[in-house]
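Q: the following comprises the amino acid sequence and a computationally predicted model.
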Amino acid sequence: MDFKPHQLELLLTRTMPYGRYQGRVLAELPGHYLGWFAREGFPRGELGELLALMYELDHNNLRGLLQPLRR
């Protein structure tokens, strides 16, 4: 998976625009929800890329990488 470093910061600022977790910051989405997207398909565009990145971080127990970027 290719990602750009600025996408890590976007995970901490972008919110989920729809669904059960609408309004929640992407970095705070629960793992089971991210797993659902991984099984059913990520949306197209930037949102899908960010959700896929967050899924990879969660799945590989790497959420801690975001901690230094939190303000």
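A: That came through fine.
Q: please, which helix or strand holds Tyr33?
A: helix 31-40 (DSSP states H and E).
Q: compute the inter-axis angle for the longest helix along the chain and helix 31-40.
A: Longest helix of the chain, by residue count under DSSP state H: helix 45-59. Angle of helix 45-59 versus helix 31-40, following axes from the mean of the first three to the mean of the last three C-alpha atoms, to 10 degrees, is 120 degrees.
Q: ok, residues contacting helix 45-59?
A: 1, 3, 7-8, 10-11, 14, 17, 26-27, 29, 31, 34-35, 37-38, 42-43, 62-63, 65-66 (C-beta atoms under 8 Å, 6 or more residues apart in numbering). For glycine as for every other residue, the C-beta is placed from the backbone atoms N, C-alpha and C.
Q: PyMOL command for the buried members of the residues you listed?
A: Restricted to buried positions by 16 or more other C-beta atoms under 10 Å, the PyMOL selection for these reads:
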select buried, resi 7+8+10+11+14+26+27+29+34+37+38+42+66
